[in-house]
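>>> Would you be able to build a 3D model of this:
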Amino acid sequence: MALSIKPIGDRVVVEPSPAEEKTASGIYIPDTAKEKPSQGTIVAVGSGKPEEPLTVQVGDKVLYGKYAGTEITYEGKEYLIMREADIYAVL
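Numbers count the residues shown, from 1 in each chain. Model prediction:
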């Protein structure tokens with residue numbers, strides 16, 4: 001997916017996965033009880049720092065902290081801009 005936002009330095013742009021709509025047992029979760037997703041797909045990466053190149057790339061599915069990053073809306077879609085250090089794992 002091509003995104004015209006270009007993050008700077010060691011930052012990445014993540015598109016969060018949609019929140020769960022229902023539990024494993026089939027109970028629907030109301031909007032007020034949904035938790036923020038903590039995983040998503042990287043859609044843009046910065047150039048990294050000269051001494052530390054980025055280890056993630058566009059298309060990687062990642063896990064990140066619940067309150068990591070800054071939420072932005074761009075062209076009607078929600079994204080998070082965060083530092084690579086806020087990413088816990090690549091799935």
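>>> Tell me which residues touch the residue most central in space within the chain, please.
The centroid of the chain falls nearest to residue 14 when counting by C-alpha atoms, centre = their mean (3.0 Å). Applying C-beta atoms under 8 Å, 6 or more residues apart in numbering to residue 14 gives the contacts 40-43, 62, 64, 69, 79-82. For the C-beta atoms, the positions are set from N, CA and C on the backbone; glycine is no exception.
>>> now with 10 Å?
Taking C-beta atoms under 10 Å, 6 or more residues apart in numbering, we find residue 14 in contact with 37, 39-44, 56, 60-62, 64, 68-69, 79-82, 86-87.
>>> how many other residues sit next to residue 86?
Residue 86: 18 surrounding residues under other C-beta atoms under 10 Å.
>>> For it, list the residues it contacts.
Counting by C-beta under 10 Å, 6+ apart, residue 86 makes contact with 10-12, 14, 62, 64-65, 67-69, 80.
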